[in-house]
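>>> Need a 3D model of the sequence below.
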Amino acid sequence: MDAMLPTELWLQIHAFATASMSPLALANTITFAPRYQDLSNPFKHIKLFRRVVKSFSLVSRAWNRLVVELLFQSVVVDDDFPTVLEGFLKERPHLAHLVRAVYFSDCRFDYNTAVLRLCPNIEVIVLLEDVTRPALPIAAFDPATHLLPNSLPQLRHLYWTEGSLSTGLLLPLLLASPQLHMLFAAESSFARYQRPALQLSSAKVILKRLSIGDVIGHRHMMRAVLGLNLSALTTLECPPSLIKQAGFPERLPQLHTLHLSAFSGPIPFSIIFARFPALKDLAYGVWDQFTPLAPGPSSDSDLDLAGIARQPLLVRLTSAISLRVMKKWDSIEDHFGLLLDVRFPPPQRVVLYGAWDVIINDPRFLGIRTALRERGFVLEHPEGNVINGE
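Presented below is the predicted three-dimensional model:
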């Protein structure tokens, strides 16, 4: 190690080198992923992260000391956790203060809450469902014995899957986390889980980002999050049905990014453009149904778009299924006809994600490309390759 460089700078260099796999870095990075990809788990590369970080220790003794800080930055509550808990976090409090991201066990809430009590600087909590887990000992959350700290002042990102073993824990976490600004919320898919009503309205968090998990079976969670303060939302990932739920805010003036996970009913574009006047980034699926744009005010589902600021949009269209499978060319014409409609806020860029090759190469798509080009729209792939610019 260069003696001229301070330890803090070397830590920053190591953090930069592992940013693409670090749970802490991934949680703080806003990246678009089509619905067929999963960004709901910042710990998805934790094994690779640990291998790379451990390789740094082979360079020198000084780097070995830095490795300890990086490794304890992200903790996983798994089969090996009792050793970490008893041999490190309890015996060496300075190591507990290094922990900033924790991946909860979905069946050992005694360990999960122990981490919260010992580690005061946690910024990221991830609780996802492990559908392949073996028959491990189970410890459901018990508020009488699994005591929580009064405050989690650093917690900013919460990825949460509500299940039968976690019942009763989500609300106390929200109450203890005044700085929380990002929530990923989902529910257990296990059929045996009887979903109790969730009441979250007493939490004082002001969310900036909200993401709802796959729509199937998550209606309880959708209703629960509507009890939170959503007035400052800037980014929303959800099924269209959330926007039409009773209790959804009539207007979110700061929301600029909307990614729809769909397959849950038609997309109400008229309502979307009326409620989100600052919208700049819109993503949805080309095979999804949508409600036609309203020519004028007639009902709650057909709002008038007159007077709404029409700022250029970035539209991300996903196609998770090939046209060879869907065989629904009408859907292609409908969606691109929507983009060309004068009532639709003009998209400067239309980015195509997924299985588009068959569609783009179809002779019937030539007229669509020509119309988009004449309107000044740029049609491109995610890598930036322009499709209709020739």
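>>> Output the contacting helices and strands for the strand or helix carrying residue 47.
Per DSSP states H and E, residue 47 falls inside helix 46-56. For helix 46-56, the elements it packs on are helix 7-17, helix 61-71, strand 74-76, judged by 3 or more Cβ pairs under 8 Å, 6 or more residues apart in numbering; DSSP states H and E. (Each C-beta comes from the backbone N, C-alpha and C, glycine too.)
>>> partner strands of the shortest one, parallel or antiparallel?
What it means is strand 74-76. For strand 74-76, the paired strands and their directions (DSSP bridges) are strand 101-103 (parallel).
>>> mean confidence for the strand it pairs with?
Across strand 101-103, pLDDT averages out at 95.
>>> if we can go back for a sec, nearest to residue 267 among the helices and strands packed on helix 46-56 would be which one?
Of all these, strand 74-76 sits nearest to residue 267, with 36.9 Å by Cβ to Cβ.
>>> quick one: buried residues of the following helix or strand past that closest one?
As assigned by DSSP H and E, the chain's next helix or strand after strand 74-76 is helix 81-84. Using 16 or more other Cβ atoms under 10 Å as the test for burial, helix 81-84 gives 81, 84.
>>> Then stretch 91-111?
So, applying 16+ other Cβ under 10 Å, buried residues of stretch 91-111: 95-96, 98-111.
>>> sorry, back to before: point out the most buried one among the helices and strands packed on helix 46-56.
Highest mean neighbour count among the helices and strands packed on helix 46-56 (mean count of other Cβ atoms under 10 Å): strand 74-76, with a mean of 24.
>>> Need the contact partners of that one.
22-24, 43, 46, 49, 81, 84, 99-103, 115, 119 (Cβ atoms under 8 Å, 6 or more residues apart in numbering).
>>> For that strand, the averaged confidence score.
91.
>>> quick one: it to chain centroid distance?
19 Å (Cα atoms, centre = their mean, to the nearest Å).
>>> picking up where we left off before, and the buried residues of stretch 91-111, which of them are in strands?
Judged by DSSP state E, strands contain the following of the buried residues of stretch 91-111: 101-103.
>>> Show me which of these is closest to residue 138.
Distances from residue 138 to these, taken by Cβ to Cβ, are shortest for residue 103, at 17.5 Å.
>>> closest to residue 130 among the buried residues of stretch 91-111?
Nearest to residue 130 among the buried residues of stretch 91-111, with distances taken as Cβ to Cβ, is residue 106, at 5.3 Å.
>>> Pull up the gap between that closest one and residue 347, please.
When distance is defined by Cβ to Cβ, to the nearest Å, residue 106 is 40 Å away from residue 347.
>>> just residue 356 next, same as before
16 Å.
>>> How about residue 290?
To residue 347, residue 290 is 15 Å away according to Cβ to Cβ.
>>> What backbone torsions are found at the closest residue to residue 240 other than its chain neighbours?
Spatial nearest neighbour of residue 240, excluding adjacent residues (Cβ to Cβ, 6 or more residues apart in numbering): residue 267 at 4.7 Å. Main-chain dihedrals, residue 267, degrees, to the nearest 10: phi -80, psi 120.
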